[in-house]
Structure formats: structure tokens, C-alpha cells
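S.K.: sequence? don't have it. structure:
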């Protein structure tokens, strides 16, 4: 089950709400490949895949050895941080930047596009669809367990 | 918001649970195109799109003038009915048949495959993904309204 009380989820929530208002759909805690779990995976109306990685604190950022592995699973990659995060420590090449709180978010720097190969986009879209569909059933029927 | 208390939802629920146990994901009340609303839209692991139309009674079936329009939006089409439904009235050409109650379902007749064109499959998969993703946010944040 998705852990909505995880550290950083407040930030993810603000981004999610902001994106929803701009017709970008998202789900939290998506696993594009074994051993990788992204905070928010998003689909635009045109089918672009965006990944948002939340860093709630400097310690949270420094503990992450994996973020570069996320780049190959999306068209655009964004950091999302709270307003008091020291933005200068974040890598900026190839990365957008979002500042958020639990209610809303602002994109401070857009992310450059690095287009997914067609076969991977197709596989990602299918996996996003099936993951989100499963979660709707899970919500309705918690007794079915972790689908 | 999805209407989980609509007539026939008990049958849809049984199909949904059965499919989940066989790694076929589904969402109820999906709109493939303006003016069409299908009871269950499903995605198999390989990316096939299945549509299941629930008929809870003979009157329910006779009121449906639209079912043939669903065929062009899926690879396979199934009727789902309760055990006491008079199955002989259902068209069988191009249609599978499922009998269900609220807990489980059985596929009595498989549906023949009528493959979606690639562009439509791509559009359907994206729309299914974005619809299911939106519903997860709606569940978490009902104050955001009907997304």
C-alpha cells in the first residue's frame, strides 16, 4: 500500500495538486524498474512521462545515491523541495526545480526534455495504467491485500 | 465520481476481483469517447484492452442501444451477467460471456480477439492511465472535486 505518511509526502502532495490543476496526472511511489521507486510519476495529456523526486531536507538529498538512474525512465525530471531547502546543492543539469508545500507548488525551473524511446514510453504508460488501476481496486477492497 | 452503488455494480465487482486474481487490471465507469461509458475497462499484462458490459437483468439489456459501439474500443468484448440472466438473448458473435456475483466470476465463453489499431491502443492506454491516476488523487483529496 502506498505510504501517504512517508517523509516528504507533504511536498509530493502539493506538487500532485498543482499538476492536477494543470491537467498533468500523477501517482506517488511508482516503481519503474526493480530497485527504483520514484516519489511521483506523471503523465501529461500528450503522453509525456515526468518524474518528480522529493527532497524534504539536505540529509534526505545526501542519502540518495540513485537519482541519476531515474533519468532514463522519463522525458523530464524535476526536484521538488520545501521553500527552506538549500537549492544550490541540487544538480541542475537535466533537472527542473519545483518548490512546494502541502497545498500547492511552483515550477521555478522547467526541466529539459530528454525523450524516452518509443518502446520504453509504451511500457511505462502501460505500467502506470495498470498500477493506478490496481490501486483503485485496493482502495475499494482492502481485503484483497497488496495487489 | 464513480458510482459504486449503480445497478449492476455488484456484478462488475465480482468480475473486477476475478480479473485482479488473474493479473488483469480494470476500472469501472470508463469513458472511451464522448457519449460512451463502459462498465469495466481492463488492461492485460501484454497491453490488451478488454471491455466488459454488465447486464443485471433482461430489461437492462433491452434498454442498451449502444453496446455495438463499444466493440471498436477494445481487443475483446465480454458480457457479464448474473446466474439467473437468460443468456440466450445475448448476441454471441464477437462477444465473450462471464457469469458473476459480487464475490467472483467465471468466464463461460472467451471473447474472440479483434485487434485495436496501434494508434487507438496507444490513446486508450494513455486515457486509462490518466483516468485511473486522477481517481487516486480524488480518493485522497475529495475536496479537489470531480477531476
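M.R.: Nice, I can see it. Remember, predicted model here, so these are calculated numbers, not experimental data.

S.K.: per-residue confidence at the residue sitting nearest the centre point of chain A?
M.R.: For chain A, residue A:40 is the residue whose C-alpha lies nearest the centre (Cα atoms, centre = their mean; 1.9 Å). We have a pLDDT of 96 for residue A:40.

S.K.: Repeat that for residue A:93.
M.R.: The predicted local distance difference test score for residue A:93 is 89.

S.K.: three-state assignment of it?
M.R.: Local secondary structure at residue A:93 is given as coil here, using DSSP: H, G, I helix; E, B strand; the rest coil.

S.K.: do residue A:60 as well
M.R.: Residue A:60 falls in the helix class when you classify it by three-state DSSP.

S.K.: Kindly provide the distance from it to residue B:83.
M.R.: If you measure residue A:60 against residue B:83 using Cβ to Cβ, to the nearest Å, the figure is 54 Å. C-beta: built from backbone N, CA, C; applies to glycine.

S.K.: Check which residues of the helix or strand hosting residue A:39 are buried.
M.R.: Taking DSSP states H and E as the criterion, the element that holds residue A:39 is strand A:36-43. By neighbour count, and taking 16 or more other Cβ atoms under 10 Å in any protein chain shown as the criterion, the buried residues in strand A:36-43 are A:38, A:39, A:40, A:41, A:42, A:43.

S.K.: bridging residues for the fifth one?
M.R.: Right, the one you point to is residue A:42. The residues paired with residue A:42 through beta bridges, assigned by DSSP bridges, are residue A:26, residue A:50.

S.K.: I'd say it and residue A:25 touch.
M.R.: Yes. A contact is recorded between residue A:42 and residue A:25 when judged using Cβ atoms under 8 Å, the distance being 6.5 Å.

S.K.: Can you pull the residues that touch both of these two?
M.R.: Any residue near both residue A:42 and residue A:25 by Cβ atoms under 8 Å, 6 or more residues apart in numbering or on different chains counts here, and that gives residue A:19.

S.K.: ok, longest helix in chain A?
M.R.: If you go by DSSP state H, chain A has its longest helix at helix A:118-140.

S.K.: Give the buried residues for that one.
M.R.: A:121-138.

S.K.: One more: stretch A:97-108?
M.R.: By neighbour count, and taking 16+ other Cβ under 10 Å as the criterion, the buried residues in stretch A:97-108 are A:97, A:98, A:99, A:100, A:105, A:107.

S.K.: Please narrow these to those residing in strands.
M.R.: Among those, the members falling in strands (DSSP state E) are A:97, A:98, A:99, A:100, A:105, A:107.

S.K.: The last one and residue A:97: what is the separation?
M.R.: In this structure, residue A:107 and residue A:97 are separated by 7 Å, where distance is defined by Cβ to Cβ.

S.K.: what sits in contact with each of the two?
M.R.: Common contact partners of residue A:107 and residue A:97 (Cβ under 8 Å, 6+ apart): residue A:78.

S.K.: that older thread, would TSV of the buried residues of stretch A:97-108 with distance to chain B and pLDDT be doable?
M.R.: Rendered in TSV, the data for the buried residues of stretch A:97-108 read as follows (distance: Cβ to the nearest Cβ, whole Å; pLDDT from 0 to 100):
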residue	distance to chain B	pLDDT
A:97	22	98
A:98	17	98
A:99	20	97
A:100	15	96
A:105	14	97
A:107	18	97
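
S.K.: Model confidence score at residue A:81, please.
M.R.: At residue A:81 the predicted local confidence, pLDDT, stands at 97.

S.K.: burial count for it?
M.R.: Residues lying near residue A:81 (other Cβ atoms under 10 Å in any protein chain shown) number 26.

S.K.: Report the separation between it and residue A:110.
M.R.: Noted for residue A:81: a distance of 16 Å to residue A:110, by Cβ to Cβ.

S.K.: between residue A:60 and residue B:83, which one's more packed in?
M.R.: Set residue A:60 next to residue B:83 and count neighbours by other Cβ under 10 Å: residue A:60 wins out with 15 against 9.

S.K.: wait, doesn't residue A:94 sit right on residue A:109?
M.R.: No. The pair residue A:94 and residue A:109 does not pass the contact test of Cβ under 8 Å, sitting 11.2 Å apart.

S.K.: Run through the residues that contact residue A:106.
M.R.: A:18, A:98, A:99, A:100.

S.K.: Got the confidence number for it?
M.R.: Per-residue confidence for residue A:106 comes out at a pLDDT of 97.

S.K.: Could you give the bridge partners of it?
M.R.: According to DSSP bridges, residue A:99 are recorded as the beta-bridge partners of residue A:106.

S.K.: just to revisit the earlier point, closest one of the ones in strands among the buried residues of stretch A:97-108 to residue A:34?
M.R.: Closest approach to residue A:34 among those (Cβ to Cβ): residue A:98, at 26.9 Å.
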